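Q: from the sequence below, what's the structure:
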Amino acid sequence: MLPVLFLIIPCLVMSYLMWLYKKLFLKPVSVHGKIVLITGASSGLGEACAKKFSFEGGKVILCARNIDELKRVKNEICNNKDNVWPVINQLDITNPNDIIKCEQNIRNNFGGIDILISNAGMSQRGSVIDTTDDVYTNLMNVNFFGPVRLIKAFLPAMLLKKQGHIISVGSVQSLIAIPFRAAYSASKHANNAFFDSLRAEVADYNVNVTTVNPGYIHTNLSINALSPDGKKHGVMDKSTLSGMDPSLVACAIYDSVVYPTNELNLADLKSKFAIYIRTLFPSAYFMIMKLRARSEKKSIKKSL
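A: Predicted coordinates for the structure are as follows:
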């Protein structure tokens, strides 16, 4: 155990020193007046981001499928006043035509966007063998292909004006996979790899890319997660119930724009420890996951 700590503690100290350097020596980037597009803005973390960036003076464009919930979020931000901002744009991230129309509409009315927060996502519960092909396809469409199409639609304008910031909301499971989340972990790993590649490609164009990997957040993600047969999981998991407040995560995302950050891992010490173990001692991590899988199998049998 001690050798592990000797390796992990310096990494944590370096992370803290980097954070301190940014706060003390880097000039903060103003969000005031910037046009901010947020997907999945009808609830949870997307809603929290919409409220935070609006409060800080951003001109927010709310995107999601549920138009009624988008109206609710806008009314709460505006205190039911008839304000122009935030703007509502109904969007299904899995529909390529929706994305094309969204980009054209925003370009024609506002000239483009400054900040893109790719937040829309879907989770999953179930074993590899029981999960249908449709569930794998749905997860990849929402968590990977949708964000890819979104970036391809809005990135050209950012490259042209050599300015912009893209935030991809992933998950700790973008970095470490756990049992009974194979489809979700795979889609988030793909998403994370895509944005890591994108970051390097656009660096010379003054376009920042931040990948945000939160642990459990107190949202409806687990309730809306897909079961192996494609139906809603419909259960608020204990880990989700005790998860982080979305508003705190939104504040951290805001800070990653004000002080441009490449990667933001927001998780408890247990999850951060697991990330380091996976990197430094993969055999130990795999053993821990085997034990976790056995434990979850027993829990599932007891619940039947």
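
Q: so where do the helices sit in the stretch 101-250 of the chain?
A: Taking DSSP state H, counting those that start in this stretch as the test, the helices found in the stretch 101-250 of the chain are 133-140, 146-161, 182-202, 238-241, 246-258.

Q: and those as CSV, adding distance to residue 270?
A: For glycine as for every other residue, the C-beta is placed from the backbone atoms N, C-alpha and C. Shown next, in CSV, are the helices of the stretch 101-250 of the chain (distance: least, CB to CB, whole Å):
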stretch, distance to residue 270
helix 133-140, 25
helix 146-161, 28
helix 182-202, 17
helix 238-241, 11
helix 246-258, 17
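
Q: nearest to residue 37, of the ones you listed?
A: helix 146-161 (7.3 Å; CB to CB).

Q: do you know which of the helices of the stretch 101-250 of the chain lies nearest residue 289?
A: Evaluated over those, closeness to residue 289 peaks at helix 182-202, with 11.0 Å, by CB to CB.

Q: now render the helices of the stretch 101-250 of the chain as JSON lines, adding mean pLDDT, distance to residue 216 and mean neighbour count.
A: Listed next are these as JSON lines, based on pLDDT from 0 to 100; distance: least, CB to CB, whole Å; neighbours: other CB atoms under 10 Å:
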{"stretch": "helix 133-140", "mean pLDDT": "97", "distance to residue 216": "18", "mean neighbour count": "17"}
{"stretch": "helix 146-161", "mean pLDDT": "98", "distance to residue 216": "21", "mean neighbour count": "18"}
{"stretch": "helix 182-202", "mean pLDDT": "97", "distance to residue 216": "13", "mean neighbour count": "19"}
{"stretch": "helix 238-241", "mean pLDDT": "85", "distance to residue 216": "5", "mean neighbour count": "12"}
{"stretch": "helix 246-258", "mean pLDDT": "97", "distance to residue 216": "10", "mean neighbour count": "20"}
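
Q: does anything pack onto the host helix or strand of residue 287? Which helices or strands?
A: Taking DSSP states H and E as the criterion, residue 287 maps to helix 282-303. Secondary-structure packing of helix 282-303 (3 or more CB pairs under 8 Å, 6 or more residues apart in numbering; DSSP states H and E): helix 269-280.

Q: gap between the residue nearest the centre of the chain and residue 66?
A: Taking CA atoms, centre = their mean, the centroid of the chain lies closest to residue 169, which sits 1.5 Å from it. Distance, residue 169 to residue 66, using CB to CB, to the nearest Å: 18 Å.

Q: do you know how far residue 110 is from residue 34?
A: Noted for residue 110: a distance of 11 Å to residue 34, by CB to CB.

Q: same deal with residue 207?
A: Applying CB to CB, the value for residue 207 to residue 34 is 14 Å.

Q: cool, residue 211 as well?
A: Distance from residue 211 to residue 34, by CB to CB: 20 Å.

Q: same question for residue 190.
A: Residue 190 is 29 Å from residue 34, by CB to CB.

Q: so residue 288 touches residue 277, yeah?
A: Yes - in terms of CB atoms under 8 Å, residue 288 counts as a neighbour of residue 277; the distance is 7.3 Å.

Q: tell me which residues in stretch 123-136 are buried?
A: 123-126, 131, 135-136 (16 or more other CB atoms under 10 Å).

Q: all set now, cheers.
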